[in-house]
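# Pasting a predicted model and its sequence here:
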Amino acid sequence: MAMKACFITGAASGIGLATAKRFAAEGYFIGLSDVDEDALAKAAAEFDPGQVVAIRLDVRNEAAWGLALARFGKASGGRLDVMINNAGLARYGWFETQTSADWDLQIDVNLRGVIYGSYAALPLLKATKDSVLVNIASSSGLSGPPRLAVYGATKFAVRGLSEALDLEYAQYGVRVVCIMPGYIDTPLLDSTASAEGQVFRSAIEEAQSVPGSVEDVTKVIWDSISSPYLHHGVGAHAEAQTVGLRPGIEAMRAYWKGVFAKT
């Protein structure tokens, strides 16, 4: 039997790369994908060549998704045990000062990319017993932060998509997990103009002492694939909000399961 397999977007750095290393250490075959081809090649060089395939992927391109997962499926022997939609970016600043290009970029990468990935991965997920779709949202999908209005909106949407797909994909034996990290010290934290980025970082440090680490997120992702829960916060604030969500969300999930049972 082929080794278990995991495909990760935004895997050339930060949470994606750290998570890929964790899954590789656990014996998974890894599909590394990223839009930055040079960074992707450097990341892939850190793995056993027989345990990884590196695929350049712009998550905004629906056609590219089909090609990427077809290539991955061929390399993995048709397995996809864990699909991780991790790629994301932020444009930090007051809503009124941002442009439609800023909004569109965040929507296209953070939401459209997750929609495309969740759809394109389904055939391989269905073909793999006990598979899991992991969508990386954010604590900004729990409470909308100022100066990150559209970013937060995309993460609320990823959370809602994950909740719906967990119910829809259950008929195929596919679980869906939504990870909601607090502010993590990754390239995303510095992905804005330097002046705005420093304001952002200073605000985070004042609010929660220091940003969380990629290792914090990686541990939660790994633990989530064997957990019965859909929502997983990372960091004290996000975890507390996530736990508070569960009773109401689970009640609604029970309602929708009842509706589906009658159709």
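That came through, no problem. Numbering: from 1, shown residues only.

# Would you mind identifying the next helix or strand past the helix or strand of the chain with the lowest mean pLDDT?
Of all the helices and strands that make up the chain, helix 194-208 has the lowest average by mean pLDDT, DSSP states H and E, namely a mean of 52. Moving toward the C-terminus from helix 194-208, the next helix or strand (DSSP states H and E) is helix 214-224.

# Indicate each strand paired with the helix or strand that comes right after that next one and its parallel or antiparallel sense.
Going down the chain from helix 214-224, the next helix or strand is strand 231-234, by DSSP H and E. Its sheet considered, strand 231-234 pairs with strand 175-181 (parallel) by DSSP bridges.

# List of residues touching the strand it pairs with?
Identification of contacts with strand 175-181 by Cβ atoms under 8 Å, 6 or more residues apart in numbering yields 15, 130-139, 141-142, 155, 158-159, 162-163, 165-166, 169, 212, 216-217, 220-221, 224-225, 227, 229-235, 238, 241-242. Quick note: C-beta positions are derived from backbone N, CA and C, even for glycine.

# any idea of the mean pLDDT in it?
Mean per-residue pLDDT for strand 175-181: 95.

# relative orientation of it and helix 214-224 in degrees?
160 degrees (axes from the mean of the first three to the mean of the last three Cα atoms, to 10 degrees).

# got the contact list for the closest residue to Trp256 other than its chain neighbours?
Once flanking residues are discounted, Trp256 sits nearest to Leu167: 5.5 Å by Cβ to Cβ, 6 or more residues apart in numbering. By Cβ under 8 Å, 6+ apart, the residues touching Leu167 are 253, 256-257, 260.

# top of these by neighbour count?
Arg253 (16 neighbours; other Cβ atoms under 10 Å).

# from memory that one sits against Ala164, does it?
No - taking contacts as Cβ atoms under 8 Å, Arg253 lies outside contact range of Ala164: 10.1 Å.

# Using PDB, write down the CA coordinates of stretch 12-21.
In PDB, the C-alpha atoms belonging to stretch 12-21 read as follows (Å, rounded to 0.1, in the frame of the first residue of the first chain):
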ATOM      1  CA  ALA A  12       7.300  27.300   0.500                       C
ATOM      2  CA  SER A  13       7.500  29.100   3.800                       C
ATOM      3  CA  GLY A  14       5.800  29.700   7.200                       C
ATOM      4  CA  ILE A  15       2.900  27.500   8.300                       C
ATOM      5  CA  GLY A  16       2.800  25.600   5.100                       C
ATOM      6  CA  LEU A  17       6.500  24.500   5.100                       C
ATOM      7  CA  ALA A  18       6.500  23.700   8.800                       C
ATOM      8  CA  THR A  19       3.400  21.600   8.400                       C
ATOM      9  CA  ALA A  20       4.900  19.800   5.400                       C
ATOM     10  CA  LYS A  21       7.900  18.900   7.500                       C
END
